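>>> When you get a sec, could you give me coordinates for this:
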Amino acid sequence: MSTLPMKSTRFVNLLFSIVFLAVAVFASVFLYRDYQHYDNLRTQQTLLEKRLDSLDAEHEEREQQLQMLKGDTEYIESVIRAKLKYAKEDETIFRFEK
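Take a look at the predicted model:
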C-alpha cells in the first residue's frame, strides 16, 4: 500500500518535469526568434541613422548654396561660368576632351 502513493508522486513529479522542460524549450525558441528580430531592427536603425546624418549634411550644404545664390553675385557668376560654360567679354574658353 505504501508503494502506490510513492509511484503516484514519482509520476506526478516526472509529468511536471516534462511539462516544465517543454515550456522552457518552447519559450526559448520564441525568445531566440524575437532576439534575432530585435537585432535586425537595431542594425536597420543604425543604417537609417547614418543615412539621416548624410541627408542632414546634404540639406545643410544645399541651404548654404541657396543662400549664396540669393545674394552672392560672385558665386552666381562662378556657377553660371562653370555649369553653363559662359564667358566674360573678350575671354576665351578652352575645352579639352577627356
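>>> can you give me the helices in the chain?
Secondary structure of the chain, counting by DSSP state H: helices at 3-71, 73-84.
>>> Identify whichever of those helices lies nearest to Glu97.
helix 73-84 (17.7 Å; C-beta to C-beta). Using the backbone N, CA and C atoms, a C-beta is placed for each residue, glycine as well.
>>> what bits of the protein have low per-residue confidence?
When residues are selected by pLDDT under 70, those of the chain lie in 1-4.
>>> Take the helices of the chain and lay them out in JSON lines including distance to Phe94 and mean neighbour count.
JSON lines is the format used below for those (distance: least, C-beta to C-beta, whole Å; neighbours: other C-beta atoms under 10 Å):
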{"stretch": "helix 3-71", "distance to Phe94": "27", "mean neighbour count": "10"}
{"stretch": "helix 73-84", "distance to Phe94": "13", "mean neighbour count": "11"}
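>>> I'd like to know which of those is closest to Thr92.
helix 73-84 (12.9 Å).
>>> what inclination does that closest one have with respect to helix 3-71?
100 degrees (axes from the mean of the first three to the mean of the last three C-alpha atoms, to 10 degrees).
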